[in-house]
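Novice: quick check, what structure comes out for this input:
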Amino acid sequence: MFPSVREVLDLDPVRNGAPRVVAGERGLDQAVRWVHSSEVPDIASLLRGGELILITGIGLPPDDAGLRRFITDLADVGACGLAVEMGRRYTQRLPAVMVRTAEALGFPLVELHRGTPFVLITQAVHGMIVDAQLAELRATAEIHQRFTDLSVEGAAPAEVVAQTAALAGAPVVLENLSRQVLAYDAAGGSAELLLANWEAHSRAVQPPGRTGHDAEAGWLVTVVGARGQDWGRLLIRLPVAAPETRHVILIERAASTLALARLTRRDDVEQQTQTALLTALLRHTAPVDDVVVRARALGVPLERRHLVGVVIRPARAETAARALREAALTGLAGALDGDLAGILLALRSVEEEPDALRRLAVRIRALADGDVVVAAGEGAATPKEARRSLLEASQVAMSVRHTASGPAEVVRLADVGLPGLLHMLRDEPRLQTFVEQELGPLLAYDARHPREQLLEVLRVYLECGRNKSAAAEHSHLSRPAFYERLARIRKVLGADLDSVRVCLSLHVALLALDALRD
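Specialist: The predicted structure is shown next:
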């Protein structure tokens, strides 16, 4: 970071000159990029901007018009200030025309009332500038290394945004082209304040070019995209007159990492964000209030809504998201564990639920590659209760062993019956013990004699209502062969297969085994 004019005036070599600012105090925070000493009256033509000029005044024009032009030319080329050593040309004070002109332009004008070697001022300031440039080079190298590591690791957008905020020491927001927030990091501040009325606030931020700083709004902004396809903007909160070079490098490097990740992963950043929000609700990986704020910024309000968890098996997140859009419904859609996709519907009222679920199920089945199960949990009145609805829908989806009979069918907890109950209890050790007690010897026998598959013979026998003739036909075995295998099952289990109570227990154990193996 280059020193400001104010910081230069505080250096010992300058303080030894008894400096007094006589005009342009509002320009004291400008960055000093170089110090130049010259008595040439047309020195402005040799400058590039950011220079602090040191003079004794012996070469200044003698008339008011010439002095006014001298100050104006320095301000026009971007010089950051003028310091005049008193005593050679001017003894007590600088000409009033110089002071008035500098004040009108906001151009710092300083009187040095004691003699001080200009070379000492130059050395001190240039030392600060060189140190700042070295620090900037080190910061740039660190930025490139950090984002190279993130690219190699295939970091998610939220990780890239968090790293950007850490390096900038300021809040960072990633939005799509509709001004919906895909990821953000408040840098320790309030997310609620950062994202309040975000869309309207973002649309008012209009910096020049692909990367630009809107000083009035206080944001450094760059466009995110690749191969001519822009898909978002990255913003860093920088309420300063002008951003540092390292901030520009930082935001452009972060945007490149985000664009590369999207090309490599070939998925949608918004979809990743919605998946992350669903995961946060299900696994408590983030406070519910944070999820609510992020969802609202994404255009999905969860407060004062009737929330219904929906789980589809099997399905991809993209299918769920598209079905949600085509059904003209509001909610979050994302991938869950395994082959499950989840949706959290955000409805305006309880009355909308039946029609919304019907429309959603129709669209899901129209988009699915094959038969799917669409399961829904009980509606929730608050975001904190939404987890229960999603969990219930997930349990129902996993416990259903049949596909839909109609395009609008949605399975609820009341529909799953005994198989669904056993699926929900599959992690219960006592259920696992029951299965081992009832079927353990038969499972061990099948492991030693894989060609006989007595477990499947028992399953067919029980599912046919203990009708031996029907079971033999269903098993594609002759009656003697089937009877022989039933006799072997009786011997292995030590069970009376003519007993209704025994067969009921074995059938429940088989259903529980299926639940354990799901």
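Novice: hey, let's count contacts and neighbours off CA atoms from now on
Specialist: Noted.
Novice: which residues of the stretch 101-250 of the chain fall in helices?
Specialist: 118-153, 157-168, 191-195, 198-203, 245-265 (DSSP state H, counting those that start in this stretch).
Novice: give the buried residues for the first one.
Specialist: Residues 118, 121-122, 124-126, 128-129, 136, 139-140, 143, 146-147, 150-151 are the ones in helix 118-153 that count as buried (16 or more other CA atoms under 10 Å).
Novice: again, but for stretch 207-226
Specialist: Those buried within stretch 207-226 under the rule 16+ other CA under 10 Å are 207, 211-215, 217-225.
Novice: just the ones of the residues you listed in strands?
Specialist: T211, G212, H213, D214, W219, L220, V221, T222, V223, V224, G225 (DSSP state E).
Novice: among these, which one lies nearest to L298?
Specialist: V224 (17.2 Å; CA to CA).
Novice: may I see the buried residues of the helix or strand of the chain with the lowest mean pLDDT?
Specialist: Ranked by mean pLDDT, DSSP states H and E, the weakest helix or strand in the chain is helix 417-424, scoring a mean of 73. Neighbour counts over helix 417-424 (16+ other CA under 10 Å) mark P419, G420, L421, L422, H423, M424 as buried.
Novice: could you point out which element follows that helix?
Specialist: Next helix or strand after helix 417-424 toward the C-terminus (DSSP states H and E): helix 429-448.
Novice: which element follows that next one toward the C-terminus?
Specialist: helix 454-463.
Novice: beyond that following helix, next helix or strand please.
Specialist: Criterion used, DSSP H and E; the element after helix 454-463 is helix 468-474.
Novice: so how far is that following helix from its chain's centroid?
Specialist: Mean-position distance between helix 468-474 and its chain equals 58 Å (CA atoms, centre = their mean, to the nearest Å).
Novice: the helix or strand following it - contacts with which helices or strands?
Specialist: Using DSSP H and E, the helix or strand that directly follows helix 468-474 along the chain is helix 479-493. Judged by 3 or more CA pairs under 8 Å, 6 or more residues apart in numbering; DSSP states H and E, the packing partners of helix 479-493 are helix 429-448, helix 454-463, helix 468-474.
Novice: excluding its backbone neighbours, what's nearest L421?
Specialist: For L421, ignoring the flanking residues on the chain, the nearest one in space by CA to CA, 6 or more residues apart in numbering is S399 at 7.8 Å.
Novice: how far away is the one you found from G377?
Specialist: Per CA to CA, to the nearest Å, S399 is found 13 Å from G377.
Novice: more crowded one of the two?
Specialist: G377 (26 against 23; other CA atoms under 10 Å).
Novice: now for that one: which residues touch it?
Specialist: Listed by CA atoms under 8 Å, 6 or more residues apart in numbering, the contact partners of G377 are 308-310, 388-394, 396, 412-413.
Novice: can I get the residues you listed in CSV including neighbour count?
Specialist: Formatted as CSV, these follow (neighbours: other CA atoms under 10 Å):
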residue, neighbour count
V308, 28
G309, 27
V310, 32
R388, 19
S389, 21
L390, 28
L391, 19
E392, 21
A393, 27
S394, 26
V396, 31
R412, 19
L413, 19
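Novice: closest one to T330 out of those, please.
Specialist: Once CA to CA is applied, the member of the contacts of G377 that ends up nearest T330 is V308, at 11.1 Å.
Novice: need the pLDDT of that closest one.
Specialist: Model confidence at V308, given as pLDDT, is 95.
Novice: confirm it sits in a helix?
Specialist: No: counting by DSSP: H, G, I helix; E, B strand; the rest coil, V308 falls outside a helix, being strand.
Novice: and the pLDDT for the residue nearest to L421?
Specialist: So, for S399, pLDDT stands at 76.
Novice: likewise for R227?
Specialist: So, for R227, pLDDT stands at 69.
Novice: now swap in M98 and tell me
Specialist: Reported pLDDT for M98: 92.
Novice: so it makes contact with R68?
Specialist: Yes: applying CA atoms under 8 Å as the test, M98 and R68 come out as touching, 6.0 Å apart.
Novice: for these two, indicate the residue with more neighbours.
Specialist: Neighbours per residue (other CA under 10 Å) separate M98 from R68, with M98 holding more: 21 against 18.
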